[in-house]
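Undergrad: Got a sequence here, can you model it:
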Amino acid sequence: MYLRLAEEVLVWPAHERGELVYRIEVPTTHKFYRIGYREYLLLSLLDGQTTLPQACSIATAKLGRDAPTTDEANAMVRWFVGNHIVRPADDRATSHHQDRSAEPSSVWARFNPFWMKVPIPQCDQWIQWLAVRLGRLVSPVTLLLAVIVVLFGLLTLLVQREGFLRMGDRLIHPDRWIWLAITFVGLKLIHELGHAIACFRVGGQVREAGLVFVLGAPLAYVDVSSCWRLDSRFARIAVSTAGMAVELLVASVAMLIWALDGGPITRSICENVVMTAGLSTVLFNANVLMRFDGYFILADVVDIPNLASEASQAMRRIASRWLLGQTSSYHNGFVGWRGLFVVLYGILSWGWKVVICITIGIAASTIFHGAGIGLAGMGVLIWLGRPAMRLVRSMRQRRIEHPVQFRRGVLRGGVAITVVLWAVFVMPIPSRLSVATVSQLSPESGVRSRVSGFVDEVLVRDGQTVESGDPLIRLRNDELRLALDEMRLDLEQARRRERTASIDQDSMKQHSLRQDAIAIEQRLLQLRSRVETLLVRSHRSGQVVSKGLSELGGTYIEEGDAILNIVGKNDIEWVALIPTESIERVRASEGSHVTVWTASRKYFESAIARIEPRASDRLDYPALAATNGGSLALKQNPDSDGEDRQRLMRPHFRAWLKVPATSLTGVPAGMRLQADIGFDSASMATRLRRWVRDLWHDAS
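TA: Below you'll find the model as predicted:
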């Protein structure tokens, strides 16, 4: 077969790290490659009139010992053909038609439900028009001002991080989803526009732009691969960094506006911008294991063009060597630390892709239920279908040509796949369950009013030690005292009428009046007892604990209201809130070892004393709510008012923990804690499924 260089492919020399290399651009796939001199010599000999053996003979005559072997030449040619650099000499199809059929985003990939790429036709013209005009704003002065704004924004976030993060907990509320989506799309448009402006500023061009839908979520993109034509690595890094830099500048401006204490709408918008820009930059754009900004920056820093492709080929060579025993594959030419780096990157990126595929599949099956399972299966089929078909064809041919390698590959490959599936779906991963816990005073320490009245005098102070029976607060209830005086008068009148009946010797009337007097006397005793409780006394010995005790004077207290606490040595209790899906594991661990952590990472050893038999979504411990800096998400109950209007997103069981004596002075009431209870032996896939399910449940 005669091969020739594709008409649209461009090849030019360049100097990198003091050596001569050749760069190759394939415009149809928007990819760039780099080859050495011997690869270039072999490529130049493929002119459509020279066979591969003839080309190898000519290369041997010119290169001598450095000439590629027959196996290496075959591997090089397969690499050239696979990357659409060369094609058969008798292929006279128009380049446009051939380009479209050769694009890696085939018809199957375009209908991938997890990754649907929708380019916008002729968008390069208006992007270039917009980028040229906005690019005039880029100057050393504006860059300096941008750096100053970013530094002030980061400093503001650092100083006010607690208040900002506490306000940011509202982002998960469904009422803000549409605004969060609008903010996200707007930031991505600004992000990609930053890439486009930087690309035009350094002399490149935008070939394509559009949207990518990941599970229905829109992401903007621009193709600035033309920057690989530039000789300056710093220029390419600047283009890759421009999107994140612009997004960071917008987030810094939003943070400064938030700090000026604007209105609630302004603050809400600023929170959306800062949180969205931060999360998207960290999780996506700065991630070097995905083909986003961080990946291209890393490829330029280590000076390895097409790092992902080179790593993928390195992984295939390792797989061929390990599974089939092949050792004569074409090498990419990277030696030393770059060769090790390519292999390491291939291992990490492969593992990341596996985790992402499993996570997206579990997310789809959890969010879309039965339809999600179908979507997950379709996505796996699209991602793995073509490689699996190529593998089947290769193994079928190898079974005929090399039966020993075929049997070795089947055996080792089957063992490897079994181990991976077992590790993901079956292998238990022991870990402890971490639950939100709060330290509180026991109910026995509370002092409640037995009657209603105004606080006339506070007789103690916060922190004072009292004994049982000591007066605490004097209440005033004029109506109650007036009722007591009237009751005394009624008793005197009843006794006077009884004496009159005795003088008249009317025994029947005397007996009736005596019963009335006895009844009035009993009511008088009860009323006198209530009047005596206007002087609130301590029911136990201990220390007075109350906030704002000195400000109670003149306030009105209802019967049954809590006034203060008399705290003894053993009146602190720890209450842990257990999610309903974890209660069985916690019950199995009842009485076993529990570790309780404070916010300062100080820990205490404890155990479960008892577990409440019923779950509840009542917000009994406001300190654990997300709105107060805790970890429990809340929802609004429209059928209730007041304190019952806020409910926990998910029901929880209450578990009381034993409080060790060493913690009585170091853990005051009201402190948030974290308790590690029981062991969880779920597999990786089960944990991912729980995480996605809980995330979706909390969000919806």
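Undergrad: now do the same end-to-end measure for stretch 296-310.
TA: Using Cα to Cα, to the nearest Å, the end-to-end distance of stretch 296-310 comes to 14 Å.
Undergrad: Contacts for it, please.
TA: Around stretch 296-310, the neighbours that count as contacts under Cβ atoms under 8 Å, 6 or more residues apart in numbering are 16-17, 23, 31-34, 83, 228, 233, 236-237, 240-241, 288, 291, 295, 332, 334, 338, 341-342, 345, 349. In this view, the C-beta of every residue, glycine as well, is placed from N, C-alpha and C.
Undergrad: tell me which residues in that stretch are buried?
TA: The neighbour-count check on stretch 296-310 (16 or more other Cβ atoms under 10 Å) flags 296-300, 304-308, 310 as buried.
Undergrad: Show the contacting residues for the closest residue to residue 603 other than its chain neighbours.
TA: Spatially, and ignoring its direct neighbours in sequence, residue 603 is nearest to residue 597 (5.0 Å; Cβ to Cβ, 6 or more residues apart in numbering). Neighbour list for residue 597: 603, 673-676 [criterion: Cβ under 8 Å, 6+ apart].
Undergrad: Now a PyMOL select for only the buried ones of those.
TA: Remark: buried members of the contacts of residue 597, expressed as a PyMOL selection using 16+ other Cβ under 10 Å:
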select buried, resi 673+674+675+676
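Undergrad: Which of the contacts of residue 597 fall within strands?
TA: Judged by DSSP state E, the subset of the contacts of residue 597 located in strands is 603, 673-676.
Undergrad: before we move on, the earlier item: just send the buried residues of stretch 296-310 back as a markdown table, with secondary structure, pLDDT and distance to residue 268 too.
TA: Shown next, in a markdown table, are those (DSSP: H, G, I helix; E, B strand; the rest coil; pLDDT from 0 to 100; distance: Cβ to Cβ, whole Å):
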| residue | secondary structure | pLDDT | distance to residue 268 |
| --- | --- | --- | --- |
| 296 | helix | 87 | 34 |
| 297 | helix | 89 | 33 |
| 298 | helix | 90 | 36 |
| 299 | helix | 86 | 39 |
| 300 | helix | 84 | 38 |
| 304 | coil | 79 | 44 |
| 305 | coil | 72 | 44 |
| 306 | coil | 75 | 43 |
| 307 | helix | 83 | 40 |
| 308 | helix | 83 | 39 |
| 310 | helix | 80 | 46 |
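Undergrad: and of the contacts of residue 597, the nearest to residue 2?
TA: Nearest to residue 2 among the contacts of residue 597, counting by Cβ to Cβ, is residue 676 at 69.7 Å.
Undergrad: Can you give me the distance of that closest one to residue 597?
TA: To residue 597, residue 676 is 7 Å away according to Cβ to Cβ, to the nearest Å.
Undergrad: now swap in residue 275 and tell me
TA: 27 Å.
Undergrad: next helix or strand past whatever helix or strand residue 394 lives in?
TA: When elements are assigned from DSSP states H and E, residue 394 belongs to helix 369-401. Next helix or strand after helix 369-401 toward the C-terminus (DSSP H and E): helix 403-425.
Undergrad: for that next one, packing partners?
TA: If you count contacts as 3 or more Cβ pairs under 8 Å, 6 or more residues apart in numbering; DSSP states H and E, helix 403-425 packs onto helix 337-367, helix 369-401, helix 684-699.
Undergrad: quick one: secondary structure of residue 595?
TA: In three-state terms, and counting by DSSP: H, G, I helix; E, B strand; the rest coil, residue 595 is strand.
Undergrad: Tell me if I'm right that it and residue 675 touch.
TA: Yes: with contacts defined as Cβ atoms under 8 Å, residue 595 counts as touching residue 675 at a distance of 7.1 Å.
Undergrad: Check the contact lists of those two and give me the overlap.
TA: residue 606.
Undergrad: Okay, now the unreliable bits of the stretch 51-200 of the chain?
TA: By pLDDT under 70, the low-scoring segments of the stretch 51-200 of the chain are 91-115, 124, 136, 162-163, 165-177.
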